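K.L.:
I would like to see how this sequence folds:
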Amino acid sequence: MKIMRRSGVTIEDITLDLDTSRVKAKFNYFTMDQLNELLNHSSYEYRVLMMFLFDTGIRAPKELYNVRAKDITPIGEDGYQVLIREASSKTFGRKVKLMLFPKQIAAYASSLQPDETLFSKEPSVVNQYLKRLGYKVLKIGTCTLVEEVNGKKRQVEK
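P.N.:
Coordinates of the predicted model:
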């Protein structure tokens, strides 16, 4: 794209080269109502995982899979925080206060051994589950299903 200045000089708009929005995956933002719908249709471990992701805004998978049960600590009477260690963080270590689901997440963490990671399912399995759940419950995104065509199984995006 060329831009014409008042002086009659034409220059190139280099910001078009910097725009990476065309190469990024589509991202869906959830409301609290949508999250509750997903929670109502999921198994216990995935329910806690979604609560944790929504409440902390933690980066997955690296930061998420490095959080251990001992990293969930009480603050005040009913509050809890999560320690995200610098070694696993893309930016810096930090403490995140749980605001939406502190009791549920703390109860889940207390059922684990202190050095045990909160979540152990493979990231690809979690992504596939969440995509299917979002598609099934909220009708958003796409879903990869296995269909049989002419006696052969193949993955199909819907």
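K.L.:
Hmm, K131 is touching G141, no?
P.N.:
Yes: taking contacts as Cβ atoms under 8 Å, K131 lies within contact range of G141: 5.8 Å. Where C-beta positions appear, they are placed from N, C-alpha and C, glycine not excepted.
K.L.:
Go through whichever strand or helix holds V126 and flag the buried ones.
P.N.:
When elements are assigned from DSSP states H and E, V126 belongs to helix 123-133. Going by neighbour count (16 or more other Cβ atoms under 10 Å), the buried part of helix 123-133 is 126, 129-133.
K.L.:
and of those residues, the nearest to L118?
P.N.:
Using Cβ to Cβ, V126 comes nearest to L118 of these, at 12.2 Å.
K.L.:
Just the local confidence number for that closest one, please.
P.N.:
Model confidence at V126, given as pLDDT, is 89.
K.L.:
Skipping its backbone neighbours, what lies nearest it in space?
P.N.:
Nearest non-adjacent residue to V126, counting by Cβ to Cβ, 6 or more residues apart in numbering: L49, 6.8 Å away.
K.L.:
ditto for F30
P.N.:
F54 (7.1 Å).
K.L.:
just checking, next helix/strand downstream of the helix or strand harbouring the one you found?
P.N.:
If you go by DSSP H and E, F54 is part of helix 44-56. Note on helix 44-56: by DSSP H and E, the next helix or strand toward the C-terminus is strand 72-75.
K.L.:
Which positions in that next one come out as buried?
P.N.:
Quick answer for strand 72-75 (16+ other Cβ under 10 Å): I72.
K.L.:
Which strands or helices does it pack on?
P.N.:
Applying 3 or more Cβ pairs under 8 Å, 6 or more residues apart in numbering; DSSP states H and E, we find strand 72-75 packed against strand 79-84, helix 102-110.
K.L.:
Could you identify which of the ones you listed is most buried?
P.N.:
strand 79-84 (a mean of 19; mean count of other Cβ atoms under 10 Å).
K.L.:
Could you list the paired strands of that strand along with their orientation?
P.N.:
Strand partners for strand 79-84, identified by DSSP bridges, are recorded as strand 72-75 (antiparallel), strand 94-98 (antiparallel).
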